[in-house]
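[1] got a structure for you, letters missing:
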């Protein structure tokens, strides 16, 4: 292989790594001076090291590409290492696919320039894959996976590297065993897919279990409140039985019954909650209702739909709703009222909450509420614990292709802060 062929091959291989790594990290595809410097370094290494030292040349190329990933991206060392493994593995896998296609259809374009054609077709395949498919989800899945799964990815990298080493030493030998290589890669990919599937399945089950454990105090509060209501109901029955003895005439008995009925009806404000088809959401809202009531804050519910449908699991929808309700309770003072509207249409649930505000917030100010670390709460208490709830909501609701927004209006000579999510 002459110098020109080496330069072309190394440049194409670098562009493959460049596009793949950008696609995995969702980075804009702009070549910088750093990229050019690493290309030149790879070309110099390919020209200086004699062709007979294929192993040394291969190792040097891996070191240069890994150094490039470390220098070019800002993340933890482990995540950058897995980005390198994923980028290199994807590039090599595409090379093997192209090679198998060449061998299967007996393609022999430009004899003597097999490496150049192989790398060029690999670059075209990678470019199309990165443009068509959301490959960044694979990288996010990898960096969030468990340690055993990461070890499997590392083993996969070593196996793929051995195939590359075999091809570098004797390409014709690798060609002659392309069926063995293809079957090995297929089995390896199938094994990884199965492991990823069960790992993710276990991850979601653990997350649901964790969510249940976090919501357990809500159920306990609800059960305690039901017990207290039963006891209170028994006391009310005894009081009603005693009314004829304490009221001397008909008019006083009617007045006492009217007062008792008015007192009992105040506990029915949250009755619509038990009609909705999401028990976890209903229990969470009821628990927050009881918590607000202890602080002298009333919550009024307006349930438009009892059958709620959402694109999110119930436990996630409950988490997001609780963030908005807790924020509203924290923003209120004693004797304030919070209004909650709950409806469902077109397969989505809309949750809207209104709470009084002492000042008016402009749209520009409201947009800052959803920024990471921004908070209107007292930062002297625990500043690190504030300013992430709405940012977390915006990030996750947008990811779920839902809607989230806020506004400030003046109603009945009072400012009202409104937040809503629809997902």
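    Great, that's in hand. Quick caveat: nothing in here was measured; it's all calculated off a predicted structure. Residues are numbered from 1 along each chain as shown.
[2] for the stretch 301-423 of the chain, give me the ranges with low pLDDT.
    For the stretch 301-423 of the chain, the stretches with pLDDT under 70 are 372-387.
[3] that one: strands as residue ranges?
    337-345, 348-357, 403-411, 414-422 (DSSP state E, counting those that start in this stretch).
[4] dump those to a markdown table, plus distance to residue 8 and mean neighbour count.
    Where you see a C-beta, it was placed from the backbone N, CA and C, and this is true even at glycine. Formatted as a markdown table, these follow (distance: least, CB to CB, whole Å; neighbours: other CB atoms under 10 Å):
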| stretch | distance to residue 8 | mean neighbour count |
| --- | --- | --- |
| strand 337-345 | 58 | 18 |
| strand 348-357 | 53 | 21 |
| strand 403-411 | 50 | 14 |
| strand 414-422 | 53 | 18 |
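[5] format those as JSON lines; extra columns: distance to residue 98.
    JSON lines is the format used below for those (distance: least, CB to CB, whole Å):
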{"stretch": "strand 337-345", "distance to residue 98": "49"}
{"stretch": "strand 348-357", "distance to residue 98": "44"}
{"stretch": "strand 403-411", "distance to residue 98": "43"}
{"stretch": "strand 414-422", "distance to residue 98": "46"}
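[6] which of those strands sits closest to residue 65?
    Of all those, strand 403-411 sits nearest to residue 65, with 40.6 Å by CB to CB.
[7] what's the closest one packed up against?
    helix 363-369, helix 389-399, strand 414-422 (3 or more CB pairs under 8 Å, 6 or more residues apart in numbering; DSSP states H and E).
[8] residue 3: which of the strands of the stretch 301-423 of the chain is closest?
    strand 403-411 (57.4 Å).
[9] circling back: okay if I get the helices and strands packed on strand 403-411 as a markdown table plus distance to residue 118?
    Converted to a markdown table, the helices and strands packed on strand 403-411 look like this (distance: least, CB to CB, whole Å):
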| stretch | distance to residue 118 |
| --- | --- |
| helix 363-369 | 51 |
| helix 389-399 | 38 |
| strand 414-422 | 50 |
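[10] for residue 22, find the nearest of these.
    Proximity to residue 22 (CB to CB) singles out helix 389-399 among the helices and strands packed on strand 403-411, at 20.7 Å.
[11] and that closest one, which residues are buried?
    389, 390, 391, 393, 394, 396, 397 (16 or more other CB atoms under 10 Å).
[12] what is the subsequent helix or strand relative to the helix or strand hosting residue 99?
    Assigned by DSSP states H and E, residue 99 belongs to helix 77-104. The element immediately downstream of helix 77-104 (helix or strand, assigned by DSSP H and E) is helix 114-132.
[13] before we move on, the earlier item: which one, of the helices and strands packed on strand 403-411, ends up nearest to residue 69?
    helix 389-399 (25.8 Å).
[14] now the angle from that closest one to strand 403-411?
    Counting by axes from the mean of the first three to the mean of the last three CA atoms, to 10 degrees, helix 389-399 lies at 130 degrees to strand 403-411.
[15] packing partners of helix 389-399?
    helix 314-331, strand 403-411.
[16] among these, which is nearest residue 91?
    Nearest of these (CB to CB): helix 314-331, 36.1 Å.
[17] list the buried ones in that closest one?
    314-325, 327-329, 331.
[18] which pair in those spans the largest distance?
    So, the buried residues of helix 314-331 by CB to CB: farthest apart are 314 and 331, at 26.1 Å.
[19] any idea what the residue lying closest to residue 407 once chain neighbours are set aside is bridged to?
    Of all residues not flanking residue 407 in the chain, residue 418 sits nearest, at 5.0 Å (CB to CB, 6 or more residues apart in numbering). Going by DSSP bridges, residue 418 is paired in beta bridges with residue 354, residue 407.
[20] wait, residue 418 touches residue 409, no?
    Yes: assessed by CB atoms under 8 Å, residue 418 is found in contact with residue 409 at 6.6 Å.
[21] I figured residue 332 was touching residue 296, is that so?
    No: look at residue 332 against residue 296 with CB under 8 Å: they stay out of range, at 9.1 Å.
[22] just to revisit the earlier point, quick one: which of the strands of the stretch 301-423 of the chain is nearest residue 366?
    Taking the strands of the stretch 301-423 of the chain one by one with CB to CB, strand 403-411 is closest: 5.0 Å.
[23] what angle separates that closest one from strand 414-422?
    Going by the same axes, to 10 degrees, strand 403-411 makes 160 degrees with strand 414-422.
[24] with distance to residue 201 added, can I get the buried residues of helix 389-399 in a markdown table?
    Converted to a markdown table, those look like this (distance: CB to CB, whole Å):
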| residue | distance to residue 201 |
| --- | --- |
| 389 | 29 |
| 390 | 31 |
| 391 | 29 |
| 393 | 27 |
| 394 | 28 |
| 396 | 21 |
| 397 | 25 |
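[25] what is the most widely separated pair among those residues?
    389 and 397 (12.1 Å).
[26] with distance to residue 273 added, can I get the helices and strands packed on helix 389-399 in CSV?
    As requested, the helices and strands packed on helix 389-399 are exported to CSV (distance: least, CB to CB, whole Å):
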stretch, distance to residue 273
helix 314-331, 12
strand 403-411, 23
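[27] nearest to residue 28, out of those?
    Nearest to residue 28, of those and by CB to CB, is strand 403-411 at 26.0 Å.
[28] work out the gap between the closest one and the centre of the chain.
    25 Å (CA atoms, centre = their mean, to the nearest Å).
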